[in-house]
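Chemist: sequence and computational prediction follow.
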Amino acid sequence: MERTELAEALRSWRRPSRGPAASARDYIVEADPDKFMARFAAAVAGTGEVFIGNPSWGEAESDEVRELLDESPGETGAPGWLMVPTGGTSGGVRFARHDSGTIAAAVKGMAQHFGLRQVNAVGVLPLYHVSGLMAWLRCALTGGTYFNGNWRKIAEGRLPKLPETSDGWGLSLVPTQLERLMRDNRAIDWLRQFRVIFIGGAPTWNTLLDRAADAGLPLSPGYGMTETAAMVAALRPDEFLAGSRSCGTTLPHARIDFTLEGVIAVTGESVFRGFFPEQSEDRTFETEDIGELDALGRLRVFGRRDGVIITGGEKVHPSEVESVLHGTGEFADLLVFGAPHAEWGQQVVVAYPAGRAPDAERVGRAVNAELAPYKRPKLYVPVPNWPVAPNGKLRRAEITHYVLEGMKPRPA
């Protein structure tokens, strides 16, 4: 697909322009969905690079972006012109290069996998995240209907009435949103009308999946990321309701392989074209996830090899949080990791040697000033007999085991 074809598909969202765009670079930082779609559609109709920013970024992230953009002049007419934000694999702000070709491949593969002629979706995820963006673009490229849902209203019980469509409706949720809706029987009835409910963005705990299956919800747990233009594997609802708890089979546009260490590698035309400002023609991306394909060809993901925490659908790199905490001078040593959380999937936890309590006010000021809200630790745990190996390295397994054991509920 050419860029002009994508621009044409987005024409109905584009507001009239007062003149031709002169810039070789558009930077969109917009939380309001309607404003985002109008600005995005107008930017795609141009010829320059399009960057998507996250409105929740703090001062540190914003400075990173400014520095990154200042180091590279804007280009026009080049592949990989759409820059989608991602935490990448090494922390900090990174932009994955996409374009109309990678997007079209992802949309076509998804529609084929689920047997959809048109994709109709209720959008409740932020459009500046790949999952929310792709929900909209699937509708646009297949001639379907995109209903701009308001998550706050839906969570409060104001559930929109949807018209009937030949291909049904889809909905993309993160686990925390599903858990919130399943507290309300009216919301559960509303969810049953969907043809497919995509669930992803963070690990989904089995108790939640089992509750959804018991309620007859057409869930589709899947696997994908910013670098692959969202899903590359997905479980169909009938398989989910039949008892499978995997991430499903590979979509037609992708191939999933594994390194000798069991790390998932994705090959296909939806794979990004490198991290900005670099360009890459390599159509294979080695992820940070460990997994395998079962006897039925369904993907199972066991966790991340890099320790990245995924909380509420956002990536948090422990090293970034540790750097801020070390900078306060309040910790002789520390370890940041993710612990299970019933609502957010994981929460950011800090373990430190017992004996000297840090100044909570000083730590709080640093954390609030330098980290986005989702990156801020939710729990600080002192650990006695701080375990350090003879070579000076922390015994991470012992520390995490101590903390997680202490978090388990105790019998009354």
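Modeler: All right, it came through fine.
Chemist: could you chop this structure up by domain?
Modeler: 3-304, 309-407 (automatic domain parsing).
Chemist: quick one, phi/psi of Met110?
Modeler: In terms of degrees, to the nearest 10, the main-chain angles of Met110 are phi -60, psi -50.
Chemist: confirm for me that it is in contact with Ala121.
Modeler: No: here Met110 lies out of contact with Ala121, judged by CB atoms under 8 Å, at a distance of 10.9 Å. All C-beta spots, glycine's among them, are computed from the backbone N, C-alpha and C.
Chemist: joint contacts of the two?
Modeler: Shared contacts of Met110 and Ala121, defined by CB atoms under 8 Å, 6 or more residues apart in numbering, comprise Arg138.
Chemist: what ranges does the stretch 301-412 of the chain have for its strands?
Modeler: Using DSSP state E, counting those that start in this stretch, the strands of the stretch 301-412 of the chain run over 309-311, 314-316, 335-341, 345-353, 379-383.
Chemist: and those strands: which comes nearest Glu164?
Modeler: Judged by CB to CB, the one of the strands of the stretch 301-412 of the chain that comes nearest to Glu164 is strand 345-353, at 33.6 Å.
Chemist: in the lowest-mean-pLDDT helix or strand in the chain, what counts as buried?
Modeler: Lowest on mean pLDDT, DSSP states H and E among the helices and strands of the chain sits strand 299-304, with a mean of 82. Using 16 or more other CB atoms under 10 Å as the test for burial, strand 299-304 gives 299, 301, 304.
Chemist: and which of the residues you listed is nearest Pro340?
Modeler: Arg304 (14.2 Å).
Chemist: so how far is Gln279 from the closest residue to the closest one other than its chain neighbours?
Modeler: Spatial nearest neighbour of Arg304, excluding adjacent residues (CB to CB, 6 or more residues apart in numbering): Glu288 at 5.1 Å. Counting by CB to CB, to the nearest Å, the gap from Glu288 to Gln279 is 22 Å.
Chemist: same drill for these two, tell me which one is more crowded.
Modeler: Taking other CB atoms under 10 Å, Glu288 and Gln279 do not tie; Glu288 has more neighbours (17 against 13).
Chemist: and the helix or strand hosting the more buried one, what's its mean pLDDT?
Modeler: For Glu288, the host element (DSSP states H and E) is strand 284-293. Averaging pLDDT along strand 284-293 yields 91.
Chemist: ok, residues contacting that strand?
Modeler: Residues from elsewhere that reach strand 284-293, judged by CB under 8 Å, 6+ apart: 89, 223, 225, 227-228, 247, 256-259, 261-267, 271-272, 299-306, 308.
Chemist: got it, and stretch 369-379?
Modeler: Stretch 369-379 is contacted from outside by 56-61, 311-312, 314, 316, 320-321, 324-325, 336, 339, 341, 347-350, 367-368, using CB under 8 Å, 6+ apart.
Chemist: now those residues: which count as buried?
Modeler: Neighbour-count burial (16+ other CB under 10 Å) applied to the contacts of stretch 369-379 gives 57, 60-61, 311-312, 314, 316, 320-321, 324-325, 336, 339, 341, 347-350, 367.
Chemist: tell me the contacts of the closest residue to Tyr374 other than its chain neighbours?
Modeler: Spatially, and ignoring its direct neighbours in sequence, Tyr374 is nearest to Glu314 (4.4 Å; CB to CB, 6+ apart). For Glu314, the contact set (CB under 8 Å, 6+ apart) comprises 372, 374-375.
Chemist: in what helix or strand does Cys139 lie?
Modeler: In this structure, Cys139 sits in helix 130-142 according to DSSP H and E.
Chemist: packing partners of that helix?
Modeler: With contacts taken as 3 or more CB pairs under 8 Å, 6 or more residues apart in numbering; DSSP states H and E, helix 130-142 sits against helix 3-9, strand 82-86, helix 100-114, strand 121-123, strand 146-148, strand 170-173, strand 230-234.
Chemist: run the last query once more with 6 Å
Modeler: Packed against helix 130-142 by the contact rule (3 or more CB pairs under 6 Å, 6 or more residues apart in numbering; DSSP states H and E) you find helix 100-114, strand 121-123, strand 230-234.
Chemist: residue contacts, Leu219?
Modeler: By CB atoms under 6 Å, 6 or more residues apart in numbering, the contact set of Leu219 is 197, 199, 212, 240.
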